[in-house]
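Chemist: Would you be able to build a 3D model of this:
(2 chains)
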Amino acid sequence: MIRHFRELYQYRGLLLSLVQRELKARYRGSVLGFFWTFLNPTLHMLVYWLLFGVISKNRVENYPFFMFVGLLPWMWFSTSVNGGASAISDRRDLMTKVRFPAQVLPATVVTTNLCNFVFSLPLLLVMGIIFGVWPTWHIVAFPLVVLTQLCFTLAVVYVVSALNVTFRDLQHIITNLMMMWFFITPVLYQSSSIPEKYRLVMSLANPMAILMTSYQAMFYEHRLPDAVPLLGLLVASGVLLWGASQLFESRREEFAESI
Amino acid sequence: MSIIHDSQDAIVIQDVVKSFRKKTIRGEYTTFKSELVRWLRGQRQPKQKQFIEALRGINLRIPKGKTMAILGRNGSGKSTLLKLITGIYSPTTGKIDVHGRISALLDLGAGFHPDFSGRENILINGIILGMSRTEVKAKMDDIIAFSELGEFIDEPVRTYSSGMYMRLAFSVATHVDPDILIIDEILAVGDEHFSKKSLAKMLEFKRQGKTIVLVTHDLGTVERWCDMAAWIDGGRIRRVGTPAEIAQEYRQAVAIAEANSTIFTPPALAEGDAGRLPEVPAAVQAPAVPAPPAAPEPVVLSSVQLVDGTGAEPRSLSPEQAVEVRIDYTAREGTEGAELELSIEAADGRPLYVTSTRTDAVALPARLPEQGRVRFLIERLGLLGGEYVLSVQARVPGASFTGPKAQCRFAVVSEREDHGLFRPAHKWVVEEAPAEQRLPELARVSAS
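Modeler: Below is the predicted model of the structure:
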């Protein structure tokens, strides 16, 4: 694992350039350019607001803002996993023709989406102000939550990108699984609205639920995230990342041959 | 790969075997669906877990500062070997030691993004090839200048012609400053002018004492630019030696294979030694030019040249063409009674026609001038498509001197599918009813 991340560090120049290029590529050739960062989550939010706020009359206060708090980090996670699945299997040109540290590719996907997430934070702030919700000092815990999510996302993306080389239909299955995962995660609803019986399981067994409730705690409920689940998840993500990088390393020899 | 300094060899390959799973080669991917179907049918184990050996035990040392050519037919394992040296593949068994920074030009333009300008792509491609950001930025102007793209450098790469694309990619690749350069048949990039530049760049690498490993099918390149050559056949090293030796033997083996019309099987897919090129008969393997005798020779053939009717040196000849052999010689003062022997051989060394000035009763000057030229005119070549060797030898029976064979290779390209040894001047006459009875008569006469 140390070698794995040392190599990643050695190639940080490459990682940086690839991320830069991905970001540029996303906004190049479109009229709205950078505003896509804002437009995409806003459109998502509008759809869900129409569905859950207007039609089924959700009684959460400042519902659009509430959804936004969860949607932005969720989109970071889901686009990373969806895009990360094919990060290696789609880059035949790099994997078979150049000696190339494969871990840079999934890392690029995660980092690019992290950047998009960070760029969309001003929108969250603006939305809050519109709804009269001002950020409080509780956001000091924000970097810790982001770090936890980064470790967890990277671990998941390593696993799916490595497996997708052998099982090519994984990327399609992943899309569906992510949809399911989205609905069992309290993004559009508060975890308090989950029936008592399942609440504990649903909010502690699901790492994304811990993360989402942490974001909601900071931005929406103006309190610090629950320390025990969050720190527990941070440790677990670290372990998971270790395991994922081991798996990734063990499959890596095969990448060039199987692609 | 370990890094040991102060070694004489840049690359040491020991007993390297590389096998691939058969299904990988067929290009079938496992999917969850296929696994599920298999499981439902009750097949626990995948049917075939066969392996294919692309390399069957390679031992090769590439000394520092040398240019090594790797020859072999398609599918003989050349590219696999390069990928192993580069580190894209890892050997199944065996060991590869590489001493020095390696840069591989296996494919040009790795990671190019069509929507980005040439300049932006240089940055990414350079980093992918192993340069640091600052290094690429420092060399940016050189790279752009070398690519000769001018103003196009700021246009998106998708607007480039394929030649421009290759030029840009090649420029980046050659500006990586490696100790070992690995090249897979990409020297012929762009037009004449750019090819020359590329070759010049390669020579510069050579002068700087860098190690170059080159895979190519162009035997001319091998003979001209390389210090050593290795011939891979059927996943094994068949021979390592000087480029001239290897190129000659390779040509002959290919010609024999063609003559025997051996069906080509990619060696990786063949069992055992099938798919290898045939052995060249030992007699042919003898070096073309024996060691020169100590005494000054009475006659030295300074050049043997095959030219077509217009006097130009043709790339390939057609069977119906008129050709001329120009033999330039220098003679020691007072050489008397010299003869020239000329033979046309098939590529495998079989003589097809041998004649000499004595046989044809052509008188050379009794006392040879110090320098002179003898021309041998063939009105109509009459050979079939294939590779041939023309060799000329000088003899002075009085001084019991036999000079070395001066050889000249040529290829004949035929549009027709006739075969055999030679093409006599002929035509067909088609008639409705036999006009005369002369033809059968003629046959009877010749038969009796």
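Chemist: Spatially, what comes nearest to the residue of the stretch 51-200 of chain A found nearest chain B if we skip its sequence neighbours?
Modeler: Closest to chain B within the stretch 51-200 of chain A is A:Lys97: 3.7 Å, counting by C-beta to the nearest C-beta. All C-beta atoms are positioned from the backbone trio N, CA, C, and that covers glycine. With sequence-adjacent residues excluded and distances taken as C-beta to C-beta, 6 or more residues apart in numbering or on different chains, A:Lys97 is closest to B:Asp107, at 3.7 Å.
Chemist: if we can go back for a sec, could you count how many residues lie near the residue of the stretch 51-200 of chain A closest to chain B?
Modeler: 22 (other C-beta atoms under 10 Å in any protein chain shown).
Chemist: so A:Leu72 makes contact with A:Leu124?
Modeler: Yes: A:Leu72 is within contact range of A:Leu124, at 6.1 Å (criterion: C-beta atoms under 8 Å).
Chemist: how about whichever strand or helix holds B:Leu55, does it reach chain A?
Modeler: Following DSSP states H and E, one finds B:Leu55 within strand B:51-63. No: remark: strand B:51-63 sits outside contact range of chain A, by C-beta under 8 Å from any C-beta of the partner chain, the gap being at least 10.3 Å.
Chemist: what residue ranges in the stretch 51-200 of chain B score low on pLDDT?
Modeler: Under the criterion pLDDT under 70, the flagged ranges of the stretch 51-200 of chain B are B:186-190.
Chemist: One more pass at 90, please.
Modeler: For the stretch 51-200 of chain B, the stretches flagged by pLDDT under 90 are B:51-59, B:64-67, B:71-84, B:86-95, B:97-121, B:123-133, B:146-152, B:155-158, B:160-200.
Chemist: Can you name the residues of it sitting close to chain A?
Modeler: Neighbours of chain A within the stretch 51-200 of chain B, by C-beta under 8 Å from any C-beta: B:83, B:86-90, B:102, B:104, B:106-107, B:110-111, B:113, B:115-116, B:120, B:123-124, B:127-130, B:132-133.
Chemist: So among those, which ones count as buried?
Modeler: The neighbour-count test (16 or more other C-beta atoms under 10 Å in any protein chain shown) marks B:83, B:86-90, B:102, B:104, B:106-107, B:110-111, B:113, B:116, B:120, B:123-124, B:127-130 as buried among those.
Chemist: how close does the residue of the stretch 51-200 of chain A closest to chain B get to A:His222?
Modeler: Here A:Lys97 is placed at a distance of 53 Å from A:His222 (C-beta to C-beta, to the nearest Å).
Chemist: Equivalent analysis for A:Phe183, please.
Modeler: Relative to A:His222, A:Phe183 is positioned 26 Å away (criterion: C-beta to C-beta).
Chemist: between these two, who's got more neighbours?
Modeler: In this view A:Phe183 and A:His222 are compared by other C-beta under 10 Å, and A:His222 has more residues nearby, 14 against 10.
Chemist: And that one, which helix or strand is it part of?
Modeler: Element membership for A:His222, per DSSP H and E: none, as it lies in no helix or strand.
Chemist: residues near the residue lying closest to it once chain neighbours are set aside, how many?
Modeler: Closest residue to A:His222 apart from its sequence neighbours, by C-beta to C-beta, 6+ apart: A:Thr136 at 4.8 Å. Neighbourhood size, A:Thr136 [other C-beta under 10 Å]: 12.
Chemist: Then B:Ser171?
Modeler: 28.
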